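1. sequence below, structure please.
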Amino acid sequence: MNLFALSGLLTGVAALGFGFFVFIASQNKKIGQIWFLFSLAVAGWGLFGAWGSSTHSIKVALWVWRMSVALGAMWIPILFYHFISVFLGLERRRSILIHYLIGTTFFLSASTPYFIHDVRWIFSSFYYFRPGLCFYPYTLWWFGLIFYSHYVMIRAFSSAPSTKKNQIKYFFLATAIGYSGGCFDFLPIFGVDLYPYGNLTVCLYPFFMSYAIVKHHLLDINIIIRKTVIYSLVSGILAAILVFVAMLSAHFTEGYLGYKTFYALAVAACLITAIFHPLQLKIQAFVDKHLFRDWSDRPMVREVASGFSHELKSPLAGLSMQAQLTMSDLEDFGKEHPPLRKELSKVEDGLRYILNQAMDAARRIEAVRGVAEPAAGQLEPVDIAGVLENSLSALGARLGQANVAVRQDLPKDLPPVQSNGKQLEIVFINLVKNALDAMDGFKTNDSHALSLTGLEQNGAILVSIKDTGPGIAVKDLNRIFEPYFTTKGHKGTGMGLYLAQQIIKAHGGTIEVKSEAGKGTEFIVRLPKYESSSSLSVTRVA
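-> I've put the predicted structure just below:
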C-alpha cells in the first residue's frame, strides 16, 4: 500500500468513526444528521481513494475513481455549506436547494468519460484519473462553494457570542487544514505531477474536531461521550494500522491485485476482532491518565458566570436601593408619628434583613464570577466549619420547613483550607439544597437526616454531605456534573453541580458522589489543606 492509499484509509476510518458518534450523540438531531452525511462523503472519498490507488487494474481503477467522486468528493462542498448554514442558524434553503441540484447534475455525468476521462500511472506508484469536459466547471463550483462557506463563517464570527466564537474558530481551523491539504489532490488530475502529500492532512480534521468537542462543546455533544469520541478515533486509527500491517503481510506472502486487496482486508478484520478489546482497554487507560486529567471548561464557566452575574446584579441593586429608601422614609415617618414607632421598628427589621440578604447575594454573585478566572490572591486560609455554618444559615428557612435532622461532626482542630470562602459557600449551599430536595417527598419509616462530617486525610480536608433520600439512578450517576443535566425536570437548571465541580477544581480539589437506591446519596469534597510557614490568621467567612 502506497502513502496516498494509506492516507485515504486513515481518512475514511477517522471520518466514519467521528461522524457516527456525532450522529448518535448530538442533541441537535438535524445538525447531527447533516454532519454524519458530510463525514460519510469524506469517508467515501478516502476509502474509494485507498482502493483506487491500490489496485493495479486499469479497469478497476477507472470505475473506483469515478465512484470516489460520485459518492464522496462531489457531495463534500454541498453538505459542508448545508451544515454551516444550519450550524450558524442561517435561513438559506433556496441556495442550499440550488447547490443540491447542481451537484445532482454533475452526479448524472460522473460515470461517463465527460466527467472522468481515463486513468494514468503516476509517481510509479498508482493509477489516478484525468478530467473530462464536465470536470472543469465542477472544479470551479467545488472550490467556489468551499471558499464561500468559510467566508460565511468569518462573517458570523464577529457577531457571535464567546462560546460560539470558540466553536467557529476550531471548526474553521479543522476544516481549513483538511481542505488546504486536500486541494493538492487536484494537481495531478490536471497534469501537475506534485505528489499529493497534502491528503495526509485530511485525516487530521477529526482530531481537531474532537478537541473542539472536548474543549468547547462543539455541536452540543453531551460531555458523557467526550471520552468515547476520542477512544473511537484512536481505536479506529489503530485498527487502520493493523489493517495496513495485515495487507503488507499479504503483499509479501501472496501479493494483491484488484479485488484481492479487500480479501486481505477481511482477514485483517478477523485478526482485529480477536485482539481489539484488550488493546482498546489499554488505550482508554492511557487517555484517561494523560488527556482528561484536570479537565475544566473555562469558556463555558466564564459565559455562565457572566450571564448569571448580569441577570441578577441589576435587580439586586434595585432591591437594595429601594429597601434603603424605604427605611429612610420609615425613619422620617416614625419621627412624625411617635405612637407608631414600635410597630415601624418591626418593619425596619424586616427591611434590614432583606437588605442584608441582597448584599450577601451580591457577594456570592461576585464569587461566582471569580470561578472563571481564579486569582491566587483571592485564596486565603478559611475555616471550613465556618463555611458550613454560613451555608446552613443561608438555608435556615428551608431547613425549618423540611423537618430534617441535621447532624454535624466537625473536629474543632480541623485545619483550614486555602480557598475563597464565598465560593465554597456556593458549593455547600448547592449540595445541601440538593439533599433537601431529594428527601422532600421521599417517604421512609425513619425520619430524614442530613449528615455533615469533616476529617483530615493525607494532607487534605474531606467534607461529606450525606442524605437519606431515594438515591441517584445508576444511569444518571455519570451525568450529574454535566452542564444543563437535571433530574428535577422544569424545576432544575442543571448548572448547580456543574458549577460546584468547577469551583472545587479551581481550588485544586475533587468532588465525588456515592449513592445507593433507597438509602441516600453522599457527596465527598476533598480540598487541599492550607500549608504555610508564616503565621497567618484563619478567615472565618462572615
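2. so where's the stretch 101-250 of the chain uncertain?
-> 161-163, 206-250 (pLDDT under 70).
3. how about the helices in it?
-> When assigned using DSSP state H, counting those that start in this stretch, the helices of the stretch 101-250 of the chain occupy the ranges 135-159, 162-182, 186-189, 199-202, 205-216, 226-253.
4. from Pro381, how far off is His82?
-> The gap separating His82 from Pro381 is 57 Å, by C-beta to C-beta, to the nearest Å. From N, CA and C alone the C-beta is placed, and that goes for glycine too.
5. more neighbours: these two, which one.
-> Legend: neighbour count by other C-beta atoms under 10 Å for His82 and Pro381, higher for His82 (23 against 18).
6. the more buried one: what's it in contact with?
-> When contacts are counted by C-beta atoms under 8 Å, 6 or more residues apart in numbering, His82 touches 34, 38, 96, 99.
7. go with 6 Å
-> 34, 96 (C-beta atoms under 6 Å, 6 or more residues apart in numbering).
8. what of Phe4?
-> Applying C-beta under 6 Å, 6+ apart, the residues near Phe4 are Ser53.
9. could you give the mean pLDDT of the helix or strand in which it is found?
-> Phe4 belongs to helix 3-25 when elements are defined using DSSP states H and E. For helix 3-25, mean pLDDT rounds to 82.
10. Cys134: neighbouring residues, count only.
-> Neighbours around Cys134, by other C-beta under 10 Å: 18.
11. might you report the residue contacts of it?
-> 109, 114-115.
12. would you list the residues you listed in JSON lines and tack on neighbour count?
-> Shown next, in JSON lines, are the contacts of Cys134 (neighbours: other C-beta atoms under 10 Å):
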{"residue": "Ser109", "neighbour count": "17"}
{"residue": "Tyr114", "neighbour count": "13"}
{"residue": "Phe115", "neighbour count": "22"}
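13. quick check: domain ranges of this protein?
-> Residue ranges for the domains of the chain, per automatic domain parsing: 3-222, 299-373, 378-528.
14. how close does Val69 get to Ala14?
-> Counting by C-beta to C-beta, the gap from Val69 to Ala14 is 20 Å.
15. quick check on the two: which one has the bigger neighbour count.
-> Each of Val69 and Ala14 has its neighbours counted (other C-beta under 10 Å); Ala14 has more, 28 against 25.
16. state the distance from the more buried one to Ser328.
-> From Ala14 to Ser328 the distance is 68 Å (C-beta to C-beta).
17. also Ile472?
-> 49 Å.
18. now do Gln33
-> Distance from Gln33 to Ser328, by C-beta to C-beta: 62 Å.
19. ditto for Glu531
-> Between Glu531 and Ser328 the computed distance is 48 Å (C-beta to C-beta).
20. ok, Leu410 next?
-> From Leu410 to Ser328 the distance is 42 Å (C-beta to C-beta).
21. which of these two has more residues huddled nearby?
-> Applying other C-beta under 10 Å to Leu410 and Ser328 shows that Leu410 carries more neighbours, namely 15 against 10.
22. all strands for the stretch 1-150 of the chain, in order.
-> Here the stretch 1-150 of the chain has its strands, by DSSP state E, counting those that start in this stretch, at 116-122, 126-131.
23. sheet partners, orientation included, of the first one?
-> The pairing partners recorded for strand 116-122 under DSSP bridges are strand 126-131 (antiparallel).
24. what about dumping the CA coordinates of the strand it pairs with to PDB?
-> Only the C-alpha atoms of strand 126-131 are listed here, as PDB (Å, rounded to 0.1, in the frame of the first residue of the first chain):
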ATOM      1  CA  PHE A 126      -0.700   4.200  -8.500                       C
ATOM      2  CA  TYR A 127      -3.400   5.000 -11.100                       C
ATOM      3  CA  TYR A 128      -5.000   8.400 -10.900                       C
ATOM      4  CA  PHE A 129      -7.800   9.900 -13.100                       C
ATOM      5  CA  ARG A 130      -7.700  12.500 -15.800                       C
ATOM      6  CA  PRO A 131     -10.600  15.000 -16.200                       C
END
